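Asker: attaching a predicted model along with its sequence, questions to come.
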Amino acid sequence: MRISWWIGLGFSACLAWGCAPEEVDYGPETLDFEGADIDEAPTKPAPSDPEAVEEPQYDGDYRKLSIQMLSLEELGEEGREDLLDAMLYPDEYTEEERSFPPEVQAFDGQEVALRGYMIPSLQDKDRILSFMIVGDLLACCFGTAPRSDQWVDVVMADGGSCEYFAFVPVIVKGTFRIEVIEDEAGYPAGCYRMRAVSVEREK
């Protein structure tokens with residue numbers, strides 16, 4: 001498959017386009033202030049806080065979703081690897097071992113409005129046919145490939161295409177699926193896919 005190739009290509013291209021870090025004087029080492037988070041996308045409630053259950057938010061008929069809400073960080077590295085292996089070899093694991101956390105599983109098969117940043121994987125001239133959505137471009141700029149739960153493989157529906165929006169957040173609308181993504185060697189590289197009907201720059 002092309003997954004590992006285009007992930008590497010996307011990050012290499014980002015470096016080539018000049019988003020590598022520069023030496024900047026940021027002033028004092030600590031700044032005491034109150035304010036909103038840099039990224040105000042919906043976030044996943046901490047599993048240890050039962051009161052932190054957010055009501056679903058919608059953009060029209062599409063449920064709002066961010067990469068942060070798909071995080072499997074609470075499983076730990078070994079837990080994430082076991083979960084992806086269970087998806088790849090379902091006959092060797094129990095249904096419980098193949099289950100995603102309920103708050104993530106709830107999005108499977110849903111019509112969602114996903115917020116993130118585009119990294120193209122397949123294009124026709126200046127039109128994008130498929131792409132990766134990540135939640136943070138810093139990973140790209142510093143050359144670190146995202147974890148399996150930190151990106152979504154997006155394909156435009158019905159052979160369609162979309163405009164490329166570079167370095168700005170976009171809203172992708174379509175159907176979300178939990179589905180294992182294999183790399184060229186047959187190992188699980190990701191677990192989220194989306195069939196998109198529209199892609200727009202966040203307003």
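Answerer: Cool, the structure landed. Residues are numbered from 1 along each chain as shown.

Asker: for the residue sitting nearest the centre point of the chain, name its beta-bridge partners.
Answerer: Nearest to the mean C-alpha position of the chain, by CA atoms, centre = their mean, lies Trp151 at 2.7 Å. On the basis of DSSP bridges, Trp151 is bridged to Val134.

Asker: what residue ranges in this protein score low on pLDDT?
Answerer: Of all residues in the chain, those with pLDDT under 70 make up the ranges 1-53, 139-143.

Asker: quick one, strands of it?
Answerer: 58-59, 62-66, 111-124, 127-134, 151-156, 170-182, 188-201 (DSSP state E).

Asker: so for Leu72, which of the ones you listed sits nearest?
Answerer: With distances scored as CB to CB, the stretch of the strands of the chain nearest to Leu72 is strand 188-201 (8.1 Å). All C-beta spots, glycine's among them, are computed from the backbone N, C-alpha and C.

Asker: deepest of the strands of the chain, which one?
Answerer: Neighbour counts (mean count of other CB atoms under 10 Å) averaged over each of the strands of the chain peak at strand 151-156, with a mean of 23.

Asker: ok, now how distant is the residue nearest to the centre of the chain from Asp108?
Answerer: Per CB to CB, to the nearest Å, Trp151 is found 17 Å from Asp108.

Asker: do Ile128 as well
Answerer: If you go by CB to CB, the gap between Ile128 and Asp108 works out to 25 Å.

Asker: Val154 now?
Answerer: In terms of CB to CB, Val154 sits 16 Å off from Asp108.
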